[in-house]
Each structure stands twice: as structure tokens, then as C-alpha cells.
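# Below are the sequence and a predicted model; questions follow.
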Protein chains: 2
Amino acid sequence: MSAKSEYLLWSSSELESLRQHCEAESSLGRSLKVLEQQVAASIARGVVVPGQGEAGSFEHNTHKENARLIEGAALLGRLNNDEAALAHARELLESYAACYREMPFQVARNTNPPGKLFHQILNEHIWLLHASLGLALLKPSLSDSQYRALLEGLFLPMLEMFTETYRHDFDRIHNHGLWAVAAVGICAMVIESPEHLAISIEGLDGSGETGGFLAQIALLFSPQGYYVEGPYYHRFAIHPLCLFAEAIERQQPECNIFAHAEGRIGKSLHVLLSSAYPDGRFPALNDASRTMNLDDEGARCAMALLAARYDVAPELLALARQQQGSWLHANGVALKRAVEGLGRDVQATSQRFTDGPEGNSGAHAHLKQGCGLQAQHVVLTAGQHGMGHGHFDQLGLTYFARGKEVLEEYGFARWVNVETKFGGRYLKENEGYAKQSVAHNLVVVDMQSQHSGDHGLADAHHAELDLLAGSDAAACARCDNAYDGVAMQRTLVLLDSRHTQTPLLVDIFSLSSAVPHVYDYTFNHGGQVVRWWDMESSPHPVSTALTTLEVLGESAGYQHLWKVAQRPAATAHCMTWLDGDSFHSWHQITQAPSEAYQLRVGANDPDHNLRPDAKVMTRLTATSQTFYSLFESHGHFDESLEQCSGARPEVLNLHVLETCEGAAPGIDALEITFRSGRLLLVLAEEGAVHAGRDITLGDHECHIRAGVNLFDL
Amino acid sequence: MSAKSEYLLWSSSELESLRQHCEAESSLGRSLKVLEQQVAASIARGVVVPGQGEAGSFEHNTHKENARLIEGAALLGRLNNDEAALAHARELLESYAACYREMPFQVARNTNPPGKLFHQILNEHIWLLHASLGLALLKPSLSDSQYRALLEGLFLPMLEMFTETYRHDFDRIHNHGLWAVAAVGICAMVIESPEHLAISIEGLDGSGETGGFLAQIALLFSPQGYYVEGPYYHRFAIHPLCLFAEAIERQQPECNIFAHAEGRIGKSLHVLLSSAYPDGRFPALNDASRTMNLDDEGARCAMALLAARYDVAPELLALARQQQGSWLHANGVALKRAVEGLGRDVQATSQRFTDGPEGNSGAHAHLKQGCGLQAQHVVLTAGQHGMGHGHFDQLGLTYFARGKEVLEEYGFARWVNVETKFGGRYLKENEGYAKQSVAHNLVVVDMQSQHSGDHGLADAHHAELDLLAGSDAAACARCDNAYDGVAMQRTLVLLDSRHTQTPLLVDIFSLSSAVPHVYDYTFNHGGQVVRWWDMESSPHPVSTALTTLEVLGESAGYQHLWKVAQRPAATAHCMTWLDGDSFHSWHQITQAPSEAYQLRVGANDPDHNLRPDAKVMTRLTATSQTFYSLFESHGHFDESLEQCSGARPEVLNLHVLETCEGAAPGIDALEITFRSGRLLLVLAEEGAVHAGRDITLGDHECHIRAGVNLFDL
């Protein structure tokens, strides 16, 4: 693998092999075709180097695209022996070299220092990284004077800006810092500047512990590889990580970079790719787009690097089938070969990822069941707060089934690169709604966000989480610091049985307090409601249609919610909705009666910054309370063929069995009645599990073996 | 083509040829594969003949599927020489023959008389038609006693029910009547009953003018082939029409059925297929599903029949590429051959279809521009009311561009075959909202529906419509009978110019009255609003955020609309929304100031029967008034790649040029200012067009040549 790489990341022989693997129907072939079209269009248009503009503006987009074109045209030139493409890459670089020194700095728009091409230096780092890779490919064809002109006009002033002008920022441990060191390090390798390379790897003080690539790797990711800001920023941080790691491995194999910090790079790749839904999208945890997916450039590099350098789990390789394109690199070829040898039915497995620099600040569960696009994937969050991009969502839940997200994560309030939406930056509704607890699938206490909506306070705490034995997909999370005097516990089980085609999601959310609180159980759903709070036992209750819609509250995100419908207090609620071609039903029982609301996002939003999403909330007041919920995906509807089946759920009823407190402490027993029979789900806390213990629940004698016990009655 | 057909619609040699054209990647191949899977699953399951049930129930669905399986298994048996499939078809028929006579009649659920298998006889007609086609394929393999048992137990009692028990209903001119005569006629051909065949072709009185297939063809469709209920019911009526016509042509070529009523069958096929959007969906005019498309069985037969029997327009053949499957029939082979010879870039052309049995009851315009999925398609409705399925939508507009419907037709309030939604039947909100004028893209007068929402009154009137010369896609419609004392006129132009990538839709809606009225201009849109009423000239006006949402009105559909946001009165409004990957902007100017509302469907809907769709409305009070609107599709947003361009519209301003009344009567001049220049659009009424006439508009000297004149300034 450590072939001599004439072009930094690519060797001549690797390029030859890559060319042979670019069949039209392969991911590599599609990526090559896209690249060929982009470069041809750019050559036809000619070199365009505009002035300065806002994020999302023509100027911003053109600069961004030009850096990719420099790398892309140079790569295409080498791949296809295409002199015109090489010349185009050179001309682009020369045009920047001709103007960069004289260009003024941009105006800063946020806390990030300004660059010249872009209003934040981060974009300028990304620019340098791509341009440096392009230079590596071009360099052997440049005359000495051509090369010197590029260095003097462009690369040296950029390095100077990043390491001198913004020296104070260079060692910052942050995803931006990873871009900075990778850009400077790769540029340094290409232009052969050992000093710049040294600080980019070991930091300004040369210790490798407070700055530079080694420190970033060790400090940004948990020992297991989890990235505190969540998958959206993880895939962004992993891009420079993959490129710089690959470059170091090739140029300085003695660094043994893949072994650094107990192999943290590989662990980080593993966590990122494991967090993707079966359709390749990343759950939108913390500040995140709802559509970011495995076709992101960083994720493509990560998948290819994992396949090339590690013994990778088949279920992650299977996800590569969701990628439309691939990294045009030897690692992309390695990925292609690995996927070719893979079977069709690869089972997904549940995983727990610890959080925090020491790996002891809580954890995140990814519960999985099934194969391919039909697999289910539940995320339960109980780790650290995601710093400035964190959402107040401890014990939050997201749920993917039947090819779509069923319980939706709202994501961020931001239209990235849409100039007309505040220049593509974060909108004020991101703080006002998206980050608040009520935007998530969880229980909100007293209409306030967790940790009083204070990032500093939230960063100082974390929750706890364990996977449960006795099931392939079960977890229990606990948090007693989100609200004063309220202990919260949530248990999730993907329950597979003969009674339903698709496993059920069982959700048991308990809150304990000495004094009464208002508890709001809430979830976000897509599609259209079919029947609302319509229990099998009372076939035709009427929803309360409201004559005016009112805003649900005044703060903590409640100010952005319209109450669209309301249902009187009851201890059981049930709703069916249709999303695409699948029905979903929710069943909930509580001990105290709860009012149920249908909500819509969008109140107090004069600028239309929020999506008009649908939510459900059940509200009750109690000291301690447990919300028992079931989510069932059922039936099929093809509107255009006018075919429908299974519009009613299989679950008819839910019932909590009373356990004699003295006889069975720490036991929770839920009886589920289906059309085709009954199941008893018994959850036993750690202290309540004894090998071979028998207990009586209702009129059933049950043998408790593990945390999760299932009895078909 | 009139091969001897041993199996009624199929001959042995045709089946041989069909088999050879079923390559895996072809429409025929996909349809064959689906059929093979369905038959294999049914054989594995064994024969299931349940009792009676609701629409959408297991019983209903199983009976429906069994009829298709009888035909399908028999066809597969012949196609693949598959004895097991033939035996399965026979066993299914025998199971029905064993119980049908003794089965009681169902309970009637609507005005349609009840059958035995289904609650409406229509479904029983459809059942007989498929079963008869199956019998035709099976017959040569049946012993005499097997054949007699099927006749006595099943086919004869069905024929008796349809022609004796429900004799009074047999001649009804209606889409249901077409199914009745086709089912009886095809069954009569198979079992060789000349009496039943005669009444199915020529009606009970034998005249061919008051009932039977000949009368249905002549009376159900306009001379140009338009079907009064619109495309959704047209594709339903065309299915039996295609099957019976093909059977008659094969068995009684002397009938010359394709020449009947001036070739009305071919004209009807042409109109139906011409009405499909570029993505193959039918505009949801009148009572209709929003997803019905060219993959409907009837539409597949229509496309194949048109290709086999007629000289078909290339732009209709190009639409066949949107079909996933095809009719497994010689006509499907003919279609496949025709499409193979077709070029890629087939231009769509605008058409006008006259309505009414005499073809003089108004017309419908289908304005088209462009090729393939990127083509634009506008429908302007100004024909007859659609009888019981009619919506009060004269001068209504639907608009498809960039691969999606941009100005949406709401369609019906019905979940076909969804048992939990009123047994899949029409919901009361269909009358309450979907049919009302305000549900459509038009101007509502005094918050009332057209023709007072009275179907009888609406059926007695019609509007008028002409295409306009000087443009490939322009029409003008007029209606002065929808509201007392108010004359309405709407002109639509798809305006192609160098200033925009995609042609603009220009919409000029004029209302004239001697007394003041409230005029509500309204349209339905998808996606998410980006900027609202945000004119270029006043970059940051604030939308009025409402603190409570109120219902917009009390009747005529207004009772189902929430007012979500309101903007103060102005003579110019502008909004941009994002739907999928495309931005759309709407610009409107009026003479009197109008208030603008953002609306959402769903008030007073306790059963959740309505979709929560978004609408926009501008309201003003005036005697006479013209709403000048522009719809522009622009830019591109790929959220997952975080790429955005063209988020702002190219149109900056709209301005109506004053015409000196005496000098230029009947002239409407709209000046459109783009980022890249100005256009002057001059519309001249018929009397105002003189060859070579020059007029002065503002400071421009204009040479008027046609109804639509465009000047690039």
C-alpha cells in the first residue's frame, strides 16, 4: 500500500489501476464521469476568478468550485493523460497567484477570522488543501519559474496567513483546527517545507499534545472514536483527517499514523459509518442537516480509507452500496474490490459508542435490526453535550424503519449556502427552536429545556447508557442532571415477534421526582395523520377540533409551536399516520391521564426560517410517571395503483402488569395484545436479574434470565 | 393485425412474439416478472375465496385480486406453457362457480346497486371482464363438463344479474356503463352468446344510439375525444373501452369499430395521453388522485392500443418511457417497437380540447414547452362542469415545471381502498373543500364557489377558451356565468426568453363588474417558503406573524382554511419558495391594493381527512380588476451536497404600461424587468390585431402582429 506516490496521494501505477476500475456502472465510474463533465464545462467557460462575496453568492461558490477544479482537472489530466485538463488546472492556479497577495481581507461575519477569498478562514483552509493536492499532481509538469510564481503568489502567502497572521488560532482543538493542520501539512509536503509540516503534525510547541494533527486526533475523538458534535460535523472533520492521514502514511510511514492514540483514526471511521441510517443518511443529531449522507466527500473518503486500511465489518461495507460515487483514489479501488466480495443479506448489529475524551462521559446507542434498506435503526443519545453545536436532547430518540426516518430529528435551522437565508449561516431559530428540548423526541419537564438551555452547564454534565442483555437491540439510558430533582430513565427495545411483519419499537420513559412537574412526552412525525387517538376499544371518539390555533408557550421552543388539535385527558392514546407507502401507529399508556396535542412548527416565525413539521405531545402533571409507548410500522398503501392492505395496526392493547413490589423489585412487565395473540415483555434491572429466577406476573409464571425477557403467551 | 385470435385477444403466434419481447429491462419484461411473482405467490398460497367485506377489506381485496389472477395465471400458462398456472386459473374459477349462485347480495353503500362479491356492481363488472379474459385463455384446455360447470355456476348467473336483475341500469351512459357493456360483451364472445353480445354493442333497444358500446363511445366523449369527468375517470373508462374495442376488431372486423363516430376511440386515446404531465402523472382535475399515472392498467392499454392501431404523435410515444410496465399483449409489442425508433428530444406541443357531446361546450388548454421530464405543462380549464365528479374550477390552472407540479391541484378527499378512511369512499370533505372553488388556483368572488356550488347549475353552463397566436403556448379563457354580474377572463403564456433558464408563466386574470366584489386570487404550492412578499424594492419588510390562527371563513371551503400569516395591503407582492431542488418565485401586481395571506388546509377537520397543504391568497375589493402574476422557476439547491445557486429570481419588477384607451383598445402591455434586461409582453384581443399595426406603449413603438407579441427592450 505504501507505493511510491509521485503525486503525493496517487502513484502512476495506482492511477493506471484506478482508470481500469472506472466502469460506467460503478461508483468510481460515476465519479469520473461527473469530474469529466465538470472539467469540460470549466474549460469551455474559461478561467473565472471573481472578487469577494457572501456565503452562497456567485463569488463564494466560484472560489469554492475553483479549488475543487484545480485538484479535479489535475487529477483528470494525470488519469486520462489529458494535457488540456492539466493546463486548465495550472491556469486556475496562476490566476489566483496573480491576485492573491493584493487581495484585501474579507469582513468577518462570525467568530471565525476572515480569509481573503471567503469570509471565514475555514473555507480558505479547505481551498488550500484542494489546491495543494492539485499542485502535487501538476508539479512534475511545471517549469521552475511557473512553480516559483505559484509559490510566491499563492501558497506561501496562504501558509503565512494561517501560521503567522492567525498563529493564535492554529493549535485550536476543533473540527476547524483539523482542516487547518491538514491544509498546512499537505501544502508543506508538496512544497517541501519541513517546518510547516512539523507544526502541522506536532503543533506549534512540537509536543504533539496541545496542537497539530496528533493532538487533534487524540483529543477530538473519544477513545472509541466518537466525535462529540455528532455525525454531521464528524463527517466534516473526517475529510481532512482521511487526506492528511493517507498522506502521512505514504510520505512518513515511520509515523505509523494509523496506530496513533490506540488506533483512534480507524475507530473514528468505524463510528462515523456505523452511525449512518440504512439509506445512507446520517441521523441529524445536534446541529445537522437532515439530508447529509454517505455521498458527502468526507464520508466517501472515510469509507474508502476504512476498506483499504482496515479489516472492516461487512455491515459497513454494505452501506457503501448506498453511495452514488467514490473517492477517485487507490482506496476507492480497494473499497470497490471489498464490496464486490460481499453477500447481499448482511445483518446490522447494535452498538454502543462511549463519549468524552476519556470515554467515560456517557454513551450513544445505535440499535439495529434487519438487513439492507429494510433494516431498523434507533439512536438513543446519552453522552456529552455537543458543545456550541449541541442540542438539549439527553435521552432523545431517532428512529428509522421501512426505508425512512419515522420519528424525525428536526436538525438545524440553517440553509447552508442559500444566500437569501442570512447568507447560509445559522438562523436565530436554531437557538430559538432547533436546539431546544421540545424540538426532540423525548419528555420535556415544566416546559423548559434541559440544563436550562445553558450550553456551559450542559457541557459540564453527561448521561449514562447501557445495552441490555436478552435482546439484539435494547438499551437503557439514565440522566438525573438535566432537570433539578428529576431523574429520567428511558428504555428502548426493538421487539421482533411472530405477531408483526416489522419489529415494534417499545419505548419506556420514566421520570421520578418528589414534587409534581408537568411532563410533556413529544415526538416528530412525517406524512399525514389517518386516525387520531382512536383506541380499538372506543372506535369513534371525536377529536377536539379547535376554532383558533394558539401558540403553545412563550419560551424554550414552545413559542414556535401551534396547537392544531387537542384531545381530552386519558390514560391511553393511539394514532395512525401514513408516510409514503407505510402506515405507522403509536400507542401510549400512562398512569395519570394525559392530554394529547397535535402540534405544528412555525409560530412566531415571520421570516419563514422553520419547516412546518408535525409533532405530537402528551401532557400530564405528576411526581413520578412512566410513559409506555409502542411504535408499529404496518400495512402498505400504493396510492397510484390504489392498493391498500394492513391499514389497521396489529397491536390492539397495552397493559402494565402489576408486580408485587416486595416480590419483584426492579421488574417492569408490559403485556401487549395483538390480533394474533399476546406477548409479555419483562424488563429486569441489573439487581433484579438472577440466573433462573422465577416470578409471577399477573397469572403468568416467568423465568427471568436477562435484562430483556420476552414471553409469547 | 387481425390475426386469428384463439384466445380472444391473443393468438398463439402473438404470444410467441410477445414472449420474445420480454427482455428483463423492458416494460414488457418487468410486467411479465411481476405477473410471474404474483401467480407463483398465489399458487403457493392456494386458492382463497373469502366471504364479503367492506371496500379496502381483506375480502374485497382478495376478490379483486382473484379476478386479475384468473386472467393473469391463464395468460402466464399460455405464454410460458405452464400447466400449473393454467390449473390454478381453472381452480380459482371453479371455486367461485361452486359458491356464486348461493351467495347473497351485498348491502348497498352508495347509489350504485350492490353485487355479491362487492358492495357496488361496478366492481363485479370489472371482475367478470377479467374472469372472461381468463376463460378465453383456458377454454381450449377445459373438458366439456368443466366448462359447463363454470358457465352454470358463475358466468351465466353474472350475466343474468347484469342484464336482467339490473336491466334498468345496463344502458346508462356513464363510465360505469362502459364497464358493464365491455364485461357483458367480452363474456358473451367467450361463451358464444350472440344475444348478450348484441345488447352490449347496440344497447337493449338494438338501435346503437341509447345504450351499448356504440352509444357509450359516441355520447361519453366529445367529438375531439375529451371525457367530461377529466383524466382520472377517463383512464378508468378507457380500460374497458380498449379491451372491448380490440376484441370487436378481432372478432367482428366488419364493425369497423375504430372508425365509429368519426374515429372517436382514437381521438379519446389521444386526449387522455396528451393530458399526462411529463412525469406521467395525470393532472388531478375534478375528483382525482394526485398520483394516478400512465402506469394505470387503463393507461397502459391505451398507450399500447394507440401505438398499434394509429399513427401516433412522437410526443405521446415519448411519454411511454415514463411507464414501468406494459400491456402483455401484441399491442404492447407494437408499442415497444414504436418507442425503440424514437429520438430523445421530442418537443411537446400545446393543444386545445373541446368539451361537450357536440364539442361546443368550451374547451381545455394544455400548454406545453420543452422536452422530456424538463418540459413545462400548464392546464387551463374552461369546458363543461364534470357532472357529479365536477369541481367548481372554471378558469382554474395547474402548472408542472422542472419535474414537479408547481401550482398544485388538490384532487379529491378520498383514500381509495383504505378501509379505515370511510371504507375508501369519498369523504364529506370532498364536497366541503376539495370541490369548492377556493381549493383551486383561480380567483374566488365574494368567498363563494362558482355557480353557487350547485352541480346542476354548473352542468348547464360552460366557459370558452382559445389558443392565442404569436406564441407556442398561450391561451385565453372567458367565463361570465360562474358569478352573477361578474365577467372573468384569464390569459396564460409560457414565456421563453434569453432572460431566464426556464420559461416564465405569465398569468393575467381580469374580473369585470358594475358593483364592488371581494376578489380572492389563490394558488396552492408545495415545498417550504423561503421569503415572503419580499419585494426587491423593499428588501426587508416584516411579515405579520399572527399570535393566534383563525379560520378564514364559514363555508364554500373557507371553513377548512387556517390563516397562518398576513401581509398588509399593497399593489405588489412577491414570494419565493423551495420545492425539492428548485426555487420558485411568484410576483403579482394589482391596481387596487390587496392583502396577502398564507393559508394552510386543515381547519374544522376532526377526522384528519384533509392534507395540510399550503396556499397563498391575495384579497382586494373592487368593481373591475386585473391580477397580473408571474411564476418563475429558478436556481438549484442540493441540500445534501450543500450546493446552491440562483436563490434569487431573475425577475426584478413588473409594470403595466398605460395604453391610451382611444389609441389602443383591447391591448394589455406588461413590462418585465429582469437582472439582464427588459421585456415587453403585449397581448392584443382579436379585434385589436391588425397586420402590421404600430402602436406606442410608454416610450416604445411596437409592431402588433398577433395575440401575443414579445419585445426585447
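In hand now; what should we look at? Numbers count the residues shown, from 1 in each chain, chains lettered A, B, ... in the order given.
# which sections of the stretch 601-713 of chain A are below the confidence cut-off?
Within the stretch 601-713 of chain A, the stretches with pLDDT under 70 are A:660-664, A:691-692.
# Around chain B, pick out the residues from it.
Within the stretch 601-713 of chain A, the positions adjacent to chain B are A:602-608, A:611-612, A:614, A:637, A:639-645, A:647-648 by Cβ under 8 Å from any Cβ of the partner chain. For the C-beta atoms, the positions are set from N, CA and C on the backbone; glycine is no exception.
# Mark which of those residues are buried, thanks.
A:602-605, A:607-608, A:612, A:614, A:637, A:639-640, A:642-645, A:647-648 (16 or more other Cβ atoms under 10 Å in any protein chain shown).
# hey, C-alpha coordinates of the lowest-mean-pLDDT helix or strand in chain A in PDB?
The helix or strand of chain A with the poorest confidence is strand A:544-551; it has a mean of 80 (mean pLDDT, DSSP states H and E). Only the C-alpha atoms of strand A:544-551 are listed here, as PDB (Å, rounded to 0.1, in the frame of the first residue of the first chain):
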ATOM      1  CA  THR A 544     -61.400  18.200  19.500                       C
ATOM      2  CA  ALA A 545     -61.300  20.500  16.500                       C
ATOM      3  CA  LEU A 546     -60.100  23.900  17.600                       C
ATOM      4  CA  THR A 547     -61.600  27.100  16.300                       C
ATOM      5  CA  THR A 548     -58.500  29.100  16.700                       C
ATOM      6  CA  LEU A 549     -54.900  27.900  16.900                       C
ATOM      7  CA  GLU A 550     -52.800  29.200  19.800                       C
ATOM      8  CA  VAL A 551     -49.100  29.300  20.400                       C
END
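# low-scoring stretches of chain A, by residue?
Applying pLDDT under 70 to chain A flags the ranges A:1-4, A:533-545, A:660-664, A:691-692.
# Who are the contact partners of the residue nearest the centre of it?
Using Cα atoms, centre = their mean, the residue of chain A that lies closest to the mean C-alpha position is residue A:231, 3.0 Å off. By Cβ atoms under 8 Å, 6 or more residues apart in numbering or on different chains, the contact list for residue A:231 reads A:272, A:275, A:276, A:282, A:283, A:285, A:288, A:292.
# In a markdown table, list the residues you listed along with neighbour count, secondary structure and distance to residue A:46.
As requested, those are exported to a markdown table (neighbours: other Cβ atoms under 10 Å in any protein chain shown; DSSP: H, G, I helix; E, B strand; the rest coil; distance: Cβ to Cβ, whole Å):
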| residue | neighbour count | secondary structure | distance to residue A:46 |
| --- | --- | --- | --- |
| A:272 | 27 | helix | 39 |
| A:275 | 22 | coil | 42 |
| A:276 | 24 | coil | 39 |
| A:282 | 27 | coil | 37 |
| A:283 | 28 | coil | 43 |
| A:285 | 27 | coil | 43 |
| A:288 | 26 | coil | 38 |
| A:292 | 27 | coil | 33 |
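# Residue A:179 contacts residue A:126, correct?
Yes. Counting by Cβ atoms under 8 Å, residue A:179 touches residue A:126, with 6.0 Å between them.
# Look at these two and report which has more neighbours.
residue A:179 (26 against 21; other Cβ atoms under 10 Å in any protein chain shown).
# For residue A:122, see how far away residue A:173 is.
15 Å (Cβ to Cβ, to the nearest Å).
# between those two, who's got more neighbours?
residue A:122 (21 against 17).
# Not counting sequence-adjacent ones, nearest residue to that one?
Nearest in space to residue A:122, with sequence neighbours left out and distances taken as Cβ to Cβ, 6 or more residues apart in numbering or on different chains, is residue A:176 at 4.9 Å.
# again, but for residue A:53
Residue A:53's closest residue in space is residue A:59 (Cβ to Cβ, 6+ apart), at 2.9 Å.
# and if you look at residue A:412?
residue A:287 (4.3 Å).
# now residue A:415
residue A:421 (3.9 Å).
# Just say helix, strand or coil for the closest residue to residue A:142 other than its chain neighbours.
Distances taken as Cβ to Cβ, 6+ apart place residue A:90 nearest to residue A:142, at 7.0 Å, with adjacent residues excluded. Three-state call for residue A:90 (DSSP: H, G, I helix; E, B strand; the rest coil): helix.
# distance of residue A:90 from residue A:156?
Per Cβ to Cβ, residue A:90 is found 18 Å from residue A:156.
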